[in-house]
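> Structure for this input, please:
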Amino acid sequence: MNNLQQTARVGLFFLLGLALTWVTFETLRGGKIFKDQGYNLIAGFETLKELKDGDEVRMAGVKIGEVEKTRLAGRRAEAILRISHEVKIKSDATASIVSAGLLGTNYIGVDLGTESAPDLPDGAEIKTKTTPDLNSVMSQIGDLGKKLEGALGNLGTALSGDGKGGPGIIQKVDQLVSENREAINKTTTNLQTITDKVNKGDGTLGKLINDPKLHDDLVAALGEIKQGAAEAKTFIANAQAIVDQVKAGKGTIGALVFDQKAGDDIRASIANIRSVSDKISRGEGTLGKLLSDDSILRDAQSIMKKADRALDGLDDTGPISAVGVVYRGLF
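Reported below is the predicted structural model:
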């Protein structure tokens with residue numbers, strides 16, 4: 001009996017030790033003794049970047065679940081996320097793998113999404129996006145360093161030459177300066193001479209810089225040019241207004257150009273004038289006969305001569321005899 005009790009006590013202590021070991025293991029790996037079942041979401045990535053089972057899932061920096069397991073599904077890797085029942089993730093939320101510092105572990109970061117979007121159900125797939133990790137950033141920095149080193153090498157070769165006798169930019173500039181030293185000196189001397197003349201007020205530019213009156217005259221001329229430009233602009237605007245009125249058929253010119261009735265009347269008047277002119281040239285009518293028949297002119301001259309003789313005879317006669325004289329003289 002004593003042996004049986006002792007055996008039971010040893011078995012009980014063994015079971016308690018196993019339970020204590022399991023609790024300690026779960027506590028150290030960040031889990032809970034009684035896990036919240038929650039609901040599952042699937043997150044697919046090109047690579048999980050050292051993400052492993054038990055890593056946290058965070059939203060706005062707060063832990064809302066953990067990675068239940070990882071798996072390879074065809075041409076991508078998937079992480080099965082266990083999310084707490086208390087947290088609802090929106091359908092437009094996005095998950096990404098985030099590193100918790102340079103030497104920290106990775107975790108899944110989920111954004112909040114929009115409030116009006118529906119919730120993701122159990123077993124749904126959440127949208128994901130790829131973020132650069134430390135390894136990819138360091139690789140890109142290494143590639144950039146290589147490219148920068150190559151660019152600096154090319155720049156050095158261009159400046160100092162290729163070392164095989166080919167001159168670089170510095171040698172070419174030095175050779176150019178050496179070959180044109182005399183011309184450069186002359187040019188510098190000429191520039192100095194021109195500068196001295198300008199400072200003394202010689203020449204047009206010197207007077208313009210040193211003579212205040214010439215400056216004022218130039219400013220006044222510019223003002224007059226601006227005024228003339230403004231007047232020309234006004235003239236153009238007035239001319240455009242006149243053209244618009246003519247196009248609208250307003251005024252005499254507009255009526256002549258665009259009024260059909262006025263044009264017809266003018267053409268009729270011109271035709272009448274031409275008809276009268278033709279009749280006169282043919283000697284028709286009183287004015288035509290007067291211009292073309294010489295006999296009428298001779299008759300008129302004869303009457304004028306008789307009237308002149310009758311008037312000469314009026315000086316020596318009385319009124320009654322004067323009438324007779326005029327009658328005999330005319331008829």
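> how near is residue 233 to residue 240?
From residue 233 across to residue 240, the span is 11 Å (Cβ to Cβ, to the nearest Å). Glycine gets a C-beta too; all of them are placed from N, C-alpha and C.
> Which other helices and strands does the helix or strand hosting residue 229 contact?
Using DSSP states H and E, residue 229 sits in helix 212-247. Applying 3 or more Cβ pairs under 8 Å, 6 or more residues apart in numbering; DSSP states H and E, we find helix 212-247 packed against helix 203-210, helix 251-258.
> Outline the domain layout of the protein.
35-134, 167-210, 221-255, 260-292, 294-330 (automatic domain parsing).
> Pick the most buried one from the ones you listed.
Per residue and on average, the most neighbours among the domains of the chain fall to domain 35-134, with a mean of 15 (mean count of other Cβ atoms under 10 Å).
> coming back round to it: which of the domains of the chain comes out lowest on mean pLDDT?
Comparing mean pLDDT across those, the weakest is domain 294-330, with a mean of 60.
> Just want to check the distance between the spatially most central residue of the chain and residue 227.
By Cα atoms, centre = their mean, the chain has its centre lying nearest to residue 233, at 28.3 Å. In this view, residue 233 and residue 227 are 11 Å apart by Cβ to Cβ.
> related to what we said a few turns ago, okay, the domains of the chain in TSV with distance to residue 6 next?
Rendered in TSV, the data for those read as follows (distance: least, Cβ to Cβ, whole Å):
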stretch	distance to residue 6
domain 35-134	37
domain 167-210	96
domain 221-255	120
domain 260-292	136
domain 294-330	179
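> Which parts of this protein are helices?
When secondary structure is read from DSSP state H, the chain shows helices at 2-28, 134-160, 169-179, 181-200, 203-210, 212-247, 251-258, 260-282, 285-292, 294-313, 319-330.
> First-to-last residue distance for stretch 92-106?
The first and last residues of stretch 92-106 sit 23 Å apart, counting by Cα to Cα, to the nearest Å.
> contact partners of it?
Residues external to stretch 92-106 that are found in contact with it (Cβ atoms under 8 Å, 6 or more residues apart in numbering): 43, 45, 48-51, 55, 57-58, 81, 107-114, 117, 120, 126-131, 133-134.
> change it to 7 Å
43, 45, 48-51, 55, 107-114, 117, 126-129, 131, 133-134 (Cβ atoms under 7 Å, 6 or more residues apart in numbering).
> Which residue is the nearest non-sequential neighbour of residue 113?
residue 90 (3.1 Å; Cβ to Cβ, 6 or more residues apart in numbering).
> Distance-wise, check the one you found relative to residue 118.
The span separating residue 90 from residue 118 equals 7 Å under the rule Cβ to Cβ.
> before we move on, the earlier item: mark which of the contacts of stretch 92-106 are part of strands, please.
Here DSSP state E is the test, and the contacts of stretch 92-106 give 43, 45, 107, 108, 109, 110, 126, 127, 128 as lying in strands.
> looking at it, the last one is touching residue 42, isn't it?
No. If you go by Cβ atoms under 7 Å, residue 128 and residue 42 don't touch, sitting 9.7 Å apart.
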